[in-house]
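> No sequence on hand, only this structure:
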């Protein structure tokens, strides 16, 4: 398979670890605004394409996936990331600081596996920032080898790791290794090798494939409309339209499933248990009635999301669909008084 004429790269990491600055360093210009406060500057995914060392590179900066609970069910940032990098990235860059490797950093693999899959690690490279924190004459491989958890992470990513310093390594250094120019060349070589090892393929999954199909369909629809938009403008408009289409559906489905679990638990409780504040957690031996309730409410959520124009409206429609069942619970409670 021939090498692609563009490299699509997605950066993952928490706020403050230098994702936006890293993109600016690689592109050699201030493409994305950098904020040095504790709050996330990248509220939603943003992408840019530039030519780097003769290669066309498309980089997607993601929200701080690890800023709060790494198991947060907020699907909007993930969906935006999927749309921005569709049909799929050739490489993931897991961005970490040179320094302490805390539990929050360790959660990175769990998040990648949750939103993507174990397959994604075949396309991943660990990139460290704040390289000035490396001890003199030490390379990033030496730093990684000293920490068993870091070593395990890099091993899962095929041994691929690099280091940058977005502040100090832009100037000429006596040690070429400690220059961003050298590290950019090496990183591009690693990405090319990753593409080669994956036989020219980019990472994809059913979600990305579905998103790309919808983007292509939407592009064809926009081309037929009056106006003289460039191919880039048409694709950006198509991505925006697809996000509006997907978001209510996904939020509706997730809300429906969560509501289904809640209502499924209620079907297992007697009125006396409800009055006494019985636990609503799903028991180990959940009955068929509880399982059916989860499935039914999840499907209702999907239907409600498809009919909604916004995520908020999808949630409202899901709860509206559940009103008859909630009224039945109220009736049971009144009858037991």
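That came through fine. Keep in mind that this is a model prediction, so the values were computed, not measured.

> Helices along this structure, start to end?
19-27, 76-85, 103-106, 108-115, 140-145, 148-156, 180-197, 206-223, 231-266, 271-275, 288-307, 311-336 (DSSP state H).

> And for the first one, what's in contact with it?
When you say that, I think you mean helix 19-27. 11, 13, 30-34, 41-42, 48, 50, 52, 57, 59, 61-62, 93, 95, 127, 129, 164, 166-167, 170, 180, 184, 187 (CB atoms under 8 Å, 6 or more residues apart in numbering). The way it works is simple: take the backbone N, C-alpha and C, and place the C-beta from them, glycine included.

> Now intersect the residues you listed with the strands, please.
11, 48, 50, 52, 57, 59, 61, 93, 95, 127, 129 (DSSP state E).

> hmm, which two among those are most spread apart?
Maximum pairwise distance in these, criterion CB to CB, is 19.2 Å, between 50 and 129.

> between the two, which one's more packed in?
Between residue 50 and residue 129, counted using other CB atoms under 10 Å, residue 129 has the larger neighbour count: 24 against 15.

> Looks like that one contacts residue 167 (just checking).
No. Assessed by CB atoms under 8 Å, residue 129 is found out of contact with residue 167, at 9.2 Å.

> surely residue 119 meets residue 203?
Yes. If you go by CB under 8 Å, residue 119 and residue 203 touch, sitting 6.7 Å apart.

> Buried ones from the ones in strands among the contacts of helix 19-27, can you make that a ChimeraX selection?
Buried residues within the ones in strands among the contacts of helix 19-27, by 16 or more other CB atoms under 10 Å, are selected in ChimeraX with:
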select :11,52,57,59,61,93,95,127,129
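
> Going by distance to residue 231, which of the ones in strands among the contacts of helix 19-27 wins?
Taking these together and measuring to residue 231 by CB to CB, the closest member is residue 48, at 16.1 Å.

> ok so, going back, which one among the ones in strands among the contacts of helix 19-27 gets closest to residue 239?
Closest to residue 239, out of all of the ones in strands among the contacts of helix 19-27 and judged by CB to CB, is residue 48, at 13.9 Å.

> ok, now how distant is the closest one from residue 28?
12 Å (CB to CB, to the nearest Å).

> Fine by me, we can end here.
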